[in-house]
Structures are given as C-alpha cells and as structure tokens.
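Peer 1: Sharing a model that was predicted from the sequence below.
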Amino acid sequence: MSEIRGKIYGVAGPTVIAKGMDGVKMNTVCLVGNSGLLAEVIRIREGLATLQVYEDTGGLTVGQEVVSHAKPLTVLLGPGLLSNIYDGTQRPLYKIKEAGGDFIGKGLKVSPMDTAKPWPFIPLKKQGDAVTEGDVLGTIQETECISHKVMVPPGVSGTVKTIASAEVSGRAPVCTFEDGSFVNLYQDWPVRKPRPFIAKLPPSMPFITGQRMFDTLLPVVLGGTAIVPGGFGTGKTVVEQTIAKYGRADIVIYIGCGERGNEMTEILTDFPALKDPVTGLPLSHRTVIIVNTSNMPVAAREASLFTGVTIAEYYRDMGYNVALLADSISRWAEALREISSRLEEMPGEEGFPPHLATHLGSFYERSGKVRCLGPEDRYGSITVISAVSPPGGDFSEPVTQASLRFAGALWALDPDLAYRRHFPAVNWQASFSLYYNELKDWFTKEVSPEMQGLRQRLLKLLQRENELKEIIQIIGVEALQESDRLMLEAAIIARDTFLKQSVFNEADAFNSYEKQFWMMKVIFAFADNAEAALKRGVYIEKIIDTPLRADVMAMQDIPSIGFAQKAEALIEAIEREFGAAE
Ligand SMILES: Nc1ncnc2c1ncn2[C@@H]1O[C@H](COP(=O)(O)OP(=O)(O)OP(=O)(O)O)[C@@H](O)[C@H]1O
Ligand SMILES: [Mg+2]
C-alpha cells in the first residue's frame, strides 16, 4: 500500500495539522511524530491535512514526520475479544497495566488480543463445500459461555480446499480455498463502516432488563435504542451497570466514556470479580469493556463509540443479542466539541458542532435486529442504551435533544425522585417507549392476556394519584372522598412496591416478567377488595391498617422463582380478609 510522508505544520490540543500529505484521504490513519502516535485524518483543506490524535500530543513539534499508510482506523476482530478492557482505540488496558503501570506509554503498540493463543477449532465445513460471506466455517469455545463462530468475512467466497480440524492460532489459515486464498481467525474492520447484513427486521421481542419500570412500563425491544438522561447523581451509571449485569443479552459491550479516572480503576479491579447472575460464571466471560477516562485524549473518546459498536456488530453477525451500553454520550459529545473547536468550525448550539446529530446518528443507526449474512437463517441484534448527562439536568440541551431523535425509548431520570431515594429515579410521566405497540402481542402471548390491561390500569392509577395530589393541595386530604383516599393508598403501594426496585436487594434485582405480572395482580386485588369492603361499610382505617398490607409491601423480597404461587396465596388471603371483615 502506498505510503504518504509529510511533516507537522502545527499542533493544537488534540489535533495536528500536517503539510506535504498530498493524496491522503479522509478518515485514514497516520502515525505522527517521533513516537508514531496514532491519528486519523479529519479534514483536508488547502493542501493541509488536519488529524485528530488518539494519544497525548505533548512533545510533538513542528517539522516532525507524519506517515500515512492509506488505511482507515480499524479494530481487530477475532476470538479473545471477550473479557478484555480496551481504550477507545482498542488498546488492552490489562496488558498495558502489566507492561508499565496505569499510564499508557506514548506510541505503545500492543496487540488487542493474544493472537498467538491456540484455539481448539471445530469445523462445520469440509473439503469441496462452496461457502460465501457470513457462512460459519466452524466454532471456537471462546469462553465457557460463548461459542465463537468463525465466519467467512464479508465479500469473500470460495470452495473449501482444506479446513483446520484441531487447534488454530495466529494468522495461520483456518480454511484455504481452491483459488489459493484463505481465511484466518482475525480480521481488521474499519470502525466507521457498518458491517453488512442481509436485512434489518422490525422489532418483535423485548430486551428484558429485569427492571419493572423498564420491562413493564417503558420497554425497549431487542435491537432498539433507549436513552437515559439525568442530572448529576440521579442513577445513570447504576442503570447502565444493572443492565450490564441482569439484562438478557448474550454479549455486553460497555463503553465508559470520559468518566472519572478512579472509576476506571474500579472497573479494572472490580469488574473481573462480578458474577453472572444467570450462569454463575464471571460476568466478564460475555463482556467487552471500553473505557476512556477524562484524563485520556479526547480523540480516543470520540473513537470509542465506533470501536464499541464495531465489536458489537461482529458478535451480532454470529447471531447473538448484544447490549451496547454507553455511559455517557455527553462526555463523547464534549470530545467532539473540543476537536471541532480546534478546527475552528462554525459552532452550533452551546458550542457543539452542527454535525453533532448526524455524527451521533451514524452511531445509533448501527443498532437493530438483523438477518445476518450467510445462507442459514441467523438473526442477531444490537440494543443500544446510552446515558446522557445534561448540564444542570436540563433536557433541552443539544446532546439530549440530538439523542432523542434516535431513541425509541426515553427513561428520564428525575433529581427529586433520586433525592427521595426512589430508585430507579425514572420520571414515568416524562418518559416514553415507542416500542410498546409493537410488543402488545408478545405481552399477550408470552406473559398473559391480562398483562396489557394491568399495565394500563397501573398507568391510570399513577395518573389519578397526581390529579388527587393537586386537589389535596387545594382542599386538603380530609375533604377527599373515602374511595379516593383508598385510591391514594393503592398508588402508594404501587409506587413503593412496583416502581421502586433496589439493585442491592438480591431477590429483587432481577424480576422475570412473570413476577412483574403477578405483582400487579396482587396490587389490584388489594385495591379491588379494599374498595368492595369500603362499599360494604367497613371503616377505611380498618382497611388501610390491615396486617396484610405489610405482606403486600414485602413482595419485593420474594424471588422471581416461585413468585406466582406465593402471589396467588396472597390474593386468596386478601379476599378472605376483606370478605370476612363485614
Ligand atoms: N437502582 C438503584 N438502587 C439503589 N440505589 C441507587 C439506584 N440507582 C442509584 N442509586 C444510588 O444513587 C447513587 C448515584 O448513582 P449513579 O452514580 O448511578 O448516578 P449518576 O447519574 O451516574 O451520577 P453522575 O452524574 O455522577 O455520573 C448511587 O451511588 C446509589 O447510591
Ligand atoms: Mg455516572
């Protein structure tokens, strides 16, 4: 490949201007300066190329060399990605830590995976088979829970001449073709180029988070996008990490974008110790983490979303459901803003570049459920759930607004709820899910024909509670009708049992849909029987103070398994109690 050599003409923060780079193309990678720092061409104008540098630019001076090999920024895909923790340009932080401590040495080149590692390979094709792009040549048990499909890369096809039948390693062929070409375990893929698929499919199934607020009230689909905006300390990181742990995804890609330095150390030390609640295996067996702390170069932070989504696509192509969690998109947008200001681009709102939404769109549009490349029926998905940190919690700011354009669900976090320690602090009135309509059939078929009705009733109850609270402000609680007072009590029960969900309560941290359904059944059995008792003349105090109320409030402490039977027993007890109270 042709090499283009130029010289540094100027350095401005994370960007470098190079001259003498005639023929260099946009978005190609360059090595800059004496240490060969990784950089990408982001503008070409009047014979000068502007590069964003993925490493600290300190020490670069005018006149140092810039070399381009005319290649785009790529990530290395292949077995061994799982369990890794990378920076935004896929440098493995564990290995760097082993090699030289917490700080990343300049120009340090470390392979993203141990490509020399031998992997036992189970072939699925044989000599003489005609294969095309996306075909699965064989499998490798990448971790205890994930079988890695070795696929024919996009654009490649041929007739199998030889295929490995035992261990494979390095860049040695896994499969050779009659025409002399071959496929090995690893491939470089440009981060800014979406990996191809046969077709995008409409959503049909929920992405199960195990969180009642999301699954029942504000569902996101497999292949959908949800954004979680919230002011300082409202619980964004807890939402992302809870979903990483309990969300029903095969693979989790976690992008920690520009969070504090000590949080990265926590991820490096704490994450490997976390257990997968489903399999009991280390959670890292199905996770790739990408971290960029605020003390790392901003350009690497900009790249991290694209590095993350490319790895997500690779596992999607194997037929997995991938959750891509980003915390937070705002830090990413700030990196974009900083780079843009160095380019002296005309700033848009609040200094963000006018192309903020387009750029963000090129990330979000890579979510979705697809039919994967290849002759067999294989389906995979990428569900994106990203936190947004609007300054001052003001959702009208540009990053929240730009993200909203691409979000199918909005989980709006509310500082008042967080302050009252109502977690997850989701303001259900300010939030929405555009996916609910698509999921109605699924709810009816897979959960219960009553599910939709109960959900509607719950929303109505919460709505009515708000109206009643306004009335109380004016006339006082004493003036309320007794039936309305009872409704307020039911709303309190619904809020404190159903909407609140603590991640620190092991029995409650993950809820099956069945548990979510039966919790609503109990709440409304209580409300209906209480109302009937009131109508029969039972004193309201007696109803409100029933000892059964404590049992209803303690539903959270019952694990999902076996919940339905306990709920049925509780409903019977409620019916007996109020029936006998006459
Ligand atoms: N679901 C939850 N259950 C219990 N506690 C929670 C929950 N969510 C948040 N919290 C509490 O709120 C605190 C702040 O949460 P978190 O760090 O996720 O906020 P954040 O929005 O990410 O903050 P920042 O703006 O600093 O990034 C947590 O340390 C925890 O004590
Ligand atoms: Mg946070």
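Peer 2: Looks like it arrived, so ask away. Ligands and ions are numbered 1, 2, ... in the order given.
Peer 1: Which parts of the stretch 401-550 of the chain are helices?
Peer 2: 415-419, 436-442, 451-475, 482-493, 513-535, 540-544, 548-553 (DSSP state H, counting those that start in this stretch).
Peer 1: Could you list the buried residues of the last one?
Peer 2: If I follow you right, that is helix 548-553. In terms of neighbour count (16 or more other C-beta atoms under 10 Å), helix 548-553 has its buried residues at 548-549, 551-552. To be clear about C-beta, it is placed using only N, CA and C from the backbone, and glycine gets the same treatment.
Peer 1: now swap in the fourth one and tell me
Peer 2: Taking 16+ other C-beta under 10 Å as the basis for neighbour counts, the residues of helix 482-493 that come out buried are 484-491, 493.
Peer 1: Kindly report the same for the second one.
Peer 2: Counting neighbours by 16+ other C-beta under 10 Å, one finds that the buried residues in helix 436-442 are 436, 438-439, 442.
Peer 1: related to what we said a few turns ago, take the helices of the stretch 401-550 of the chain and lay them out in TSV including mean pLDDT and distance to ligand 2.
Peer 2: Putting the helices of the stretch 401-550 of the chain into TSV (pLDDT from 0 to 100; distance: least, C-beta to the ion, whole Å) gives the following:
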stretch	mean pLDDT	distance to ligand 2
helix 415-419	96	12
helix 436-442	95	27
helix 451-475	94	27
helix 482-493	94	29
helix 513-535	96	26
helix 540-544	91	39
helix 548-553	94	30
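Peer 1: Relative to Gly280, tell me which of those helices wins on proximity.
Peer 2: Across these, Gly280 has its closest neighbour in helix 513-535 (20.4 Å, C-beta to C-beta).
Peer 1: next one: that closest one to chain centre, how far?
Peer 2: Distance, stretch centre to chain centre, for helix 513-535: 34 Å (C-alpha atoms, centre = their mean, to the nearest Å).
Peer 1: same deal with stretch 440-455?
Peer 2: 26 Å.
Peer 1: ok, now stretch 167-181?
Peer 2: 34 Å.
Peer 1: near ligand 1, which residues of the chain?
Peer 2: Within the chain, the positions near ligand 1 by C-beta under 6 Å from any ligand atom are 230, 232-238, 389, 423-424, 502-504.
Peer 1: what about 8 Å?
Peer 2: Selection of the chain residues close to ligand 1 by C-beta under 8 Å from any ligand atom yields 230-242, 259, 327-328, 387, 389, 413, 418, 421, 423-425, 501-504.
Peer 1: So Ser431 is in contact with Phe214, correct?
Peer 2: No - using C-beta atoms under 8 Å, Ser431 is not in contact with Phe214, being 9.5 Å away.
Peer 1: and the two? which has more neighbours close in?
Peer 2: Counted by other C-beta atoms under 10 Å, Ser431 and Phe214 do not tie: Phe214 has more neighbours, with 28 against 20.
Peer 1: Closest residue of the stretch 451-582 of the chain to ligand 2?
Peer 2: Val503 (13.9 Å; C-beta to the ion).
Peer 1: Which pLDDT value belongs to that residue?
Peer 2: pLDDT, Val503: 89.
Peer 1: and if you look at Thr57?
Peer 2: At Thr57, pLDDT is 90.
Peer 1: hang on, the earlier thing: widest-spaced pair of the buried residues of helix 436-442?
Peer 2: Spanning the widest gap among the buried residues of helix 436-442 are Tyr436 and Trp442, at 10.4 Å by C-beta to C-beta.
Peer 1: got the residues of the protein near ligand 2?
Peer 2: Contact residues (C-beta under 5 Å from the ion) of the chain with ligand 2: 236-237.
Peer 1: Show me how the chain divides into domains.
Peer 2: 4-72, 116-185, 199-434, 448-580 (automatic domain parsing).
Peer 1: how far does the longest one sit from the chain's center?
Peer 2: In terms of C-alpha atoms, centre = their mean, the centre of domain 199-434 is set 4 Å apart from its chain centre.
Peer 1: Most proximal residue of the stretch 301-450 of the chain with respect to ligand 2?
Peer 2: Counting by C-beta to the ion, the stretch 301-450 of the chain gets nearest ligand 2 through Asp327, at 5.9 Å.
Peer 1: Please work out how many residues are found near that residue.
Peer 2: Asp327, neighbours per other C-beta under 10 Å, totals 27.
Peer 1: Quick check: the gap between it and Val388.
Peer 2: 10 Å (C-beta to C-beta, to the nearest Å).
Peer 1: Now do the shared contacts for these two.
Peer 2: Residues touching both Asp327 and Val388 comprise Lys236, with contact defined as C-beta atoms under 8 Å, 6 or more residues apart in numbering.
Peer 1: ok, which stretches of the stretch 1-150 of the chain are strands?
Peer 2: Secondary structure of the stretch 1-150 of the chain (DSSP state E, counting those that start in this stretch): strands at 4-12, 15-19, 28-32, 37-45, 48-53, 65-72, 74-77, 85-86, 119-123, 130-131, 136-141, 147-151.
Peer 1: Dump those strands into JSON lines; add mean neighbour count and mean pLDDT as well.
Peer 2: JSON lines is the format used below for the strands of the stretch 1-150 of the chain (neighbours: other C-beta atoms under 10 Å; pLDDT from 0 to 100):
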{"stretch": "strand 4-12", "mean neighbour count": "17", "mean pLDDT": "94"}
{"stretch": "strand 15-19", "mean neighbour count": "23", "mean pLDDT": "94"}
{"stretch": "strand 28-32", "mean neighbour count": "22", "mean pLDDT": "93"}
{"stretch": "strand 37-45", "mean neighbour count": "20", "mean pLDDT": "91"}
{"stretch": "strand 48-53", "mean neighbour count": "24", "mean pLDDT": "93"}
{"stretch": "strand 65-72", "mean neighbour count": "18", "mean pLDDT": "91"}
{"stretch": "strand 74-77", "mean neighbour count": "20", "mean pLDDT": "96"}
{"stretch": "strand 85-86", "mean neighbour count": "24", "mean pLDDT": "92"}
{"stretch": "strand 119-123", "mean neighbour count": "18", "mean pLDDT": "96"}
{"stretch": "strand 130-131", "mean neighbour count": "18", "mean pLDDT": "97"}
{"stretch": "strand 136-141", "mean neighbour count": "19", "mean pLDDT": "97"}
{"stretch": "strand 147-151", "mean neighbour count": "22", "mean pLDDT": "97"}
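Peer 1: Buried ones from the residues of the chain next to ligand 1, can you make that a PyMOL selection?
Peer 2: Selection command for PyMOL covering only the buried members of the residues of the chain next to ligand 1, criterion 16+ other C-beta under 10 Å:
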select buried, resi 230+231+234+235+236+237+238+239+240+241+242+259+327+328+387+389+413+418+423+424+425+501+503
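Peer 1: How about this structure: which residue is closest to ligand 2?
Peer 2: Thr237 (3.2 Å).
Peer 1: Apart from its chain neighbours, what residue comes closest to that residue?
Peer 2: Nearest non-adjacent residue to Thr237, counting by C-beta to C-beta, 6 or more residues apart in numbering: Asp327, 5.6 Å away.
Peer 1: again, but for Ile339
Peer 2: In space, Ile339 is closest to Gln52, 5.4 Å off (C-beta to C-beta, 6+ apart).
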